[in-house]
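I'd like to go over a predicted model; first the sequence, then the structure.
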Amino acid sequence: MALNCGIVGLPNVGKSVIFSALTSTPAETANYYFSTKSPNIGIVEVPDVRLTNLSAIFKPKRTIAAAVEFVDIAGLVKGSSRGEGLGNQFLAHIREVGVIAQVVRCFDNPDIIHVSDKIDPEADIETINIELALADLDTLAKRRERAEKALKQKTEQKAAQAVLAVLEKISPALENGMPIRSVELTDEEKAEIYDCHFISAKPQIYVCNVDEEGMKSAAAGAENAYIKAVRKKAAVEGSAVVIICGKFEAELGVIDDQAEKLAFLEELGLKETGLSSLIHAAYDLLGLRTFFTTGEDECRAWTIHAGDKAPKAARAIHTDFEKGFIKAEVYAYDDIAKYGTEAKIREAGRYRIEGREYIVQDGDVIFFKFNV
């Protein structure tokens, strides 16, 4: 399974710059509104030092990392839910992603115009969230109409009542410009409205786009007032916050030498790239985990959900692995890093045989046995 992340925000907040920096994919940018007329799409490898080290140990013919798809969606403005700008065209693209990264401008620069002629992260976030909530209200109204019609059918009454109950629960939040994710819903309630594909129900990460001075200050523990405003807003929703300097990420992206790249990060007091920070935040929000398969032919990272049992994890490789699952031979990445070889892991008693009920852990190295 591949993670896909939609990058949204007001025009000229740096979405396309960040997209290009993260994906090394050129994106249309300009100092005017609606320069991005259709979504730009870029697929990047998930940075994972564990996979790099496994490849160094096993020296396979190829190494395949997990992937993330980034979708740069054109700038939203007040009225997008009613078709302003390119409105509904953009909203349709947002419905297709798994997690939303809302870029918020957190730097001053008189040479880059702002849609509101002032830098106000809280107002920017409110504008985007209200537009997404209004779009969801339109979807809710249509779904309610369908459910009310279904009430007239005796065989569909119970299901329709369940849907209507959840719609009534989330409606007040949307009417107040709040996202559906701010409403506490059970797994059963979420399942009832899954077919609606509500935009504001999607997990969201706020990306503070700062200049280099803002990045240095943040790395030193002195975040500027703009970042603090974003954090305050995110805390209310339980959303994550990531700080990225688009200009810095672009410069970092052209450096191939890993040592030079690390030195560049250390210069700003950073432990990882903005790409890594964003992907880690997305993985945490969605409850994603990584396991590895290794061998002479291939070392590969696979993405699954936390709590997946061995057969379901095996399905990530091929459906036959799940259907014919027999057992899983497992050890932790930390053990191969410590002992160096599978033989020594066996000697240490750390090589395990697990069955169908085993819950795969992040960092597991697995060899599946199956028969179809």
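Noted; the coordinates are in hand.

got any ranges where the stretch 51-200 of the chain has weak pLDDT?
By pLDDT under 70, the weakly predicted segments of the stretch 51-200 of the chain are 74-91, 113, 115-117.

let's see it at 80
By pLDDT under 80, the low-scoring segments of the stretch 51-200 of the chain are 73-93, 111-117.

residue boundaries of the helices in it?
87-94, 121-150, 157-175, 187-192 (DSSP state H, counting those that start in this stretch).

Any chance of these in TSV with distance to residue 18 as columns?
Every residue, glycine included, has its C-beta placed from N, CA and C. Output for the helices of the stretch 51-200 of the chain, formatted as TSV (distance: least, Cβ to Cβ, whole Å):
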stretch	distance to residue 18
helix 87-94	17
helix 121-150	15
helix 157-175	28
helix 187-192	30
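
can you give me the strands for the stretch 251-372 of the chain?
Along the stretch 251-372 of the chain, counting by DSSP state E, counting those that start in this stretch, strands occupy 288-293, 298-305, 325-332, 352-354, 364-370.

Contact partners for the closest residue to residue 304 other than its chain neighbours?
Spatial nearest neighbour of residue 304, excluding adjacent residues (Cβ to Cβ, 6 or more residues apart in numbering): residue 313 at 4.9 Å. By Cβ atoms under 8 Å, 6 or more residues apart in numbering, the contact set of residue 313 is 291, 302, 304, 360, 366.

Between which two of those is the distance greatest?
304 and 366 (10.6 Å; Cβ to Cβ).

Identify the nearest residue to residue 46 in space, disregarding sequence-adjacent positions?
Using Cβ to Cβ, 6+ apart, the closest residue to residue 46 is residue 66 (4.2 Å).

thought that neighbour was touching residue 292?
No. Taking contacts as Cβ atoms under 8 Å, residue 66 lies outside contact range of residue 292: 9.8 Å.

neighbours of residue 119, just the number please.
Neighbours of residue 119 under the rule other Cβ atoms under 10 Å: 19.

what sits against it?
Residue 119 makes contacts with 105, 106, 107, 108, 226, as judged by Cβ under 8 Å, 6+ apart.

number of nearby residues for the residue nearest to residue 46?
Neighbour tally, residue 66, other Cβ under 10 Å: 22.

Show the contacting residues for the nearest residue to residue 226 once chain neighbours are set aside.
For residue 226, ignoring the flanking residues on the chain, the nearest one in space by Cβ to Cβ, 6+ apart is residue 106 at 3.7 Å. Residues in contact with residue 106 (Cβ under 8 Å, 6+ apart) are 119, 121, 208, 209, 210, 214, 224, 226, 227, 230, 243.

where's residue 106 relative to residue 293, distance?
Distance from residue 106 to residue 293, counting by Cβ to Cβ, to the nearest Å: 41 Å.

ok, now residue 182?
39 Å.

Near the nearest residue to residue 64 once chain neighbours are set aside, how many other residues are there?
Distances taken as Cβ to Cβ, 6+ apart place residue 300 nearest to residue 64, at 4.3 Å, with adjacent residues excluded. Neighbours of residue 300 under the rule other Cβ under 10 Å: 20.

What average pLDDT does whichever strand or helix holds residue 43 get?
For residue 43, the element it lies in under DSSP states H and E is strand 40-45. Strand 40-45 shows a mean pLDDT of 86.

Drop anything exposed from the contacts of residue 106.
The neighbour count (16 or more other Cβ atoms under 10 Å) marks 119, 121, 208, 209, 210, 214, 224, 226, 227, 230, 243 as buried among those.

so which of those would you say is closest to residue 163?
The shortest approach to residue 163 among the buried ones among the contacts of residue 106 belongs to residue 230, at 34.4 Å (Cβ to Cβ).

Which residues does the one helix or strand the closest one maps to contact?
Secondary structure assignment for residue 230, by DSSP H and E: helix 225-237. Applying Cβ under 8 Å, 6+ apart, the set of residues contacting helix 225-237 from outside is 104-107, 119, 121-122, 125, 179, 181-182, 204, 206, 208, 210, 214, 218, 223, 240-241, 243.

repeat for stretch 174-190
Here stretch 174-190 makes contact (Cβ under 8 Å, 6+ apart) with 126, 129-130, 132-134, 136-137, 140, 166, 169-170, 173, 198, 200-204, 236-239.

Repeat that for stretch 332-352.
For stretch 332-352, the surrounding residues in contact (Cβ under 8 Å, 6+ apart) are 50, 53, 54, 57, 292, 329, 330, 331, 361, 363, 364, 365.
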